[in-house]
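Novice: sequence and predicted model, in that order:
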Amino acid sequence: MVEFKKYFSYIQIIIEFLVFSYCKFYFCLSISYLKKKICSPPSHTKNINYLFSL
């Protein structure tokens, strides 16, 4: 029983870490997306960026 609890705590730590890094990744993505929206480049580069963002 004690062994199981130990493994469970390891799994919990790993899951929390994965969820944290996943959220951090998406948070960074959304921030950069918002920055692009705010600092909009000239129209021809905007079209290229739009294609890459699809």
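Specialist: Perfect, I can see it now.
Novice: which strand or helix spans Val19?
Specialist: Element membership for Val19, per DSSP states H and E: helix 2-38.
Novice: low-confidence ranges, the protein, go.
Specialist: The model of the chain has pLDDT under 70 over residues 1, 37-54.
Novice: buried sites along stretch 6-23?
Specialist: Across stretch 6-23, burial judged by 16 or more other C-beta atoms under 10 Å covers no residue at all. C-betas here are computed from N, CA, C, even on glycine.
Novice: could I get that stretch in PDB with only the CA atoms?
Specialist: The C-alpha atoms that make up stretch 6-23 are tabulated as PDB, following Å, rounded to 0.1, in the frame of the first residue of the first chain:
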ATOM      1  CA  LYS A   6       4.600   6.600  -3.400                       C
ATOM      2  CA  TYR A   7       4.200   5.800  -7.100                       C
ATOM      3  CA  PHE A   8       0.900   7.700  -7.100                       C
ATOM      4  CA  SER A   9       2.600  10.800  -5.700                       C
ATOM      5  CA  TYR A  10       5.300  10.500  -8.500                       C
ATOM      6  CA  ILE A  11       2.500  10.200 -11.100                       C
ATOM      7  CA  GLN A  12       0.700  13.200  -9.600                       C
ATOM      8  CA  ILE A  13       3.900  15.300  -9.800                       C
ATOM      9  CA  ILE A  14       4.500  14.300 -13.400                       C
ATOM     10  CA  ILE A  15       0.900  15.100 -14.400                       C
ATOM     11  CA  GLU A  16       1.100  18.500 -12.700                       C
ATOM     12  CA  PHE A  17       4.300  19.300 -14.400                       C
ATOM     13  CA  LEU A  18       2.900  18.300 -17.800                       C
ATOM     14  CA  VAL A  19      -0.200  20.400 -17.300                       C
ATOM     15  CA  PHE A  20       1.900  23.300 -16.100                       C
ATOM     16  CA  SER A  21       4.200  23.200 -19.100                       C
ATOM     17  CA  TYR A  22       1.200  22.700 -21.500                       C
ATOM     18  CA  CYS A  23      -0.500  25.800 -20.000                       C
END
